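Only the shape, not the letters, is given here:
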């Protein structure tokens, strides 16, 4: 515990800690403290600086990076069968992936900005109105698994 401002609440009585719900992960009674620190004793903070930084959004897809993402789609799915179905083939087939991107461009859901693909307002609106299940990786994994089972034929 570090006291930034002295207060009665900042120094709980012996055996009375704050409730577990307000603790940060790793802030339990078993957490190891650096040497020189003791649980429940205030520490003087000599200085703190706020840095004027911003997070950066993820890089935009290029044709090549989107094709790769489509090829490796599904590797983070929880269900093993769905993940395996997606991992083997990814999204679409090698022959259809480029066609999918061209369709998105032709229908003006995305546009090219130099080497990057950028979602248009029309594309963003489409994603907003589509039901969450229809755009979930798990549903795509189920579809791919069914397609694979269909191409393999009935199992014995």
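Arrived safely, thanks for sending. Source: prediction; values computed, not measured.

those strands in this protein, which residues are they?
Per DSSP state E, the chain carries strands over the ranges 110-113, 116-119.

Which of these sits closest to residue 48?
Closest approach to residue 48 among the strands of the chain (C-beta to C-beta): strand 116-119, 38.1 Å. Where C-beta positions appear, they are placed from N, C-alpha and C, glycine not excepted.

counting contacts, what elements does that closest one pack onto?
helix 94-106, strand 110-113 (3 or more C-beta pairs under 8 Å, 6 or more residues apart in numbering; DSSP states H and E).

circling back to that earlier point, need the strands of the chain in a markdown table (columns: mean neighbour count and mean pLDDT).
Formatted as a markdown table, the strands of the chain follow (neighbours: other C-beta atoms under 10 Å; pLDDT from 0 to 100):
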| stretch | mean neighbour count | mean pLDDT |
| --- | --- | --- |
| strand 110-113 | 14 | 96 |
| strand 116-119 | 16 | 96 |
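
could you dump those to JSON lines with distance to residue 91?
Shown next, in JSON lines, are these (distance: least, C-beta to C-beta, whole Å):
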{"stretch": "strand 110-113", "distance to residue 91": "15"}
{"stretch": "strand 116-119", "distance to residue 91": "15"}
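
Residue 134 is nearest to which of these?
Of these, the one closest to residue 134 (C-beta to C-beta) turns out to be strand 116-119, at 17.1 Å.

how far away is the nearest residue to residue 90 once chain neighbours are set aside from residue 93?
Nearest non-adjacent residue to residue 90, counting by C-beta to C-beta, 6 or more residues apart in numbering: residue 71, 4.1 Å away. With distances taken as C-beta to C-beta, to the nearest Å, residue 71 is found 10 Å from residue 93.
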